[in-house]
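Asker: Provide a 3D model corresponding to the input given below.
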Amino acid sequence: MLISKFDTKNIEDNIMKFEEKYNFEFPKQYRDFLKKYNGGMTPDTNFKMNRISSDIRGFYGFENADEDYNYKGIEGLISFCEFLNDNMLLIGTNDFGDYILLGIGSENNGKIFFCYHDRKKSYKELAEDFKTFVGSCKSKKIGHVRTIEERRQGMIDRGYGSYVSPVTLKGWQAEIDLYSNIVQEELILE
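Answerer: So this is what the prediction gives:
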């Protein structure tokens, strides 16, 4: 699995404060992951486990993590609090907004679960631990990032040139900026 990690400055302090705030301890495997990567983006990553097939956009981190994958941005969500009440911690998400969760209770500690965002809350166990989960994820290395001109020509060639708007161009530019600067590395857990 490939990951584009976030800055790990102050990570141990952030982990400790988070655990104190929510009165739990990260399982060692996940704590080690956070210390090494502080979460991270996982573009073009997919998994198939226990009858669940999904992509995974990224894992949440602290302080210096990207704003879309920062615990600070999701702590106030009702679903975040509901998961904690069920001894589950939201650790990642897919493109549809479904949840990847880490068990933090005595009976589910360290296990990885999946929960659909738009269905009755039901936790589907994916893996016995985080290392097993990431070991089942498959990533593609980001290659050439198509330019705006290449994208525009592709739309014209398919007969959709009239759909290229300022909003489309802005979205394309944001994607180009993101993927042109991303650094992927193999996620390695001890």
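
Asker: thought F133 was touching I112, still the case?
Answerer: Yes: when contacts are counted by C-beta atoms under 8 Å, I112 is listed as touching F133 (4.2 Å). C-beta coordinates here come from the backbone N, C-alpha and C atoms, glycine included.

Asker: can you check which residues contact both of these two?
Answerer: Listed contacts common to I112 and F133 are L126, A127; contacts here mean C-beta atoms under 8 Å, 6 or more residues apart in numbering.

Asker: gap between the residue of the chain positioned farthest from its centre and N23?
Answerer: With distances taken from the mean C-alpha point of the chain and given as C-alpha atoms, centre = their mean, the most distant residue is G159, at 34.5 Å. Per C-beta to C-beta, to the nearest Å, G159 is found 58 Å from N23.

Asker: before we move on, the earlier item: can you read off the pLDDT for the residue farthest from the centre of the chain?
Answerer: pLDDT recorded at G159 is 95.

Asker: tell me the secondary structure of it, please.
Answerer: For G159, the reduced secondary structure class is coil; criterion used: DSSP: H, G, I helix; E, B strand; the rest coil.

Asker: please apply the same query to F113.
Answerer: Using three-state DSSP, the three-state assignment for F113 comes out as strand.

Asker: residue numbering should commence at 20 henceforth.
Answerer: Done: numbering now begins at 20, and the last item shifts to F132.

Asker: report the buried residues of stretch 169-188.
Answerer: Judged by neighbour count (16 or more other C-beta atoms under 10 Å), stretch 169-188 contains these buried residues: R170, R171, V183.

Asker: er, stretch 25-36 actually
Answerer: Going by 16+ other C-beta under 10 Å, stretch 25-36 has these buried residues: F25, T27, I30, N33, I34.
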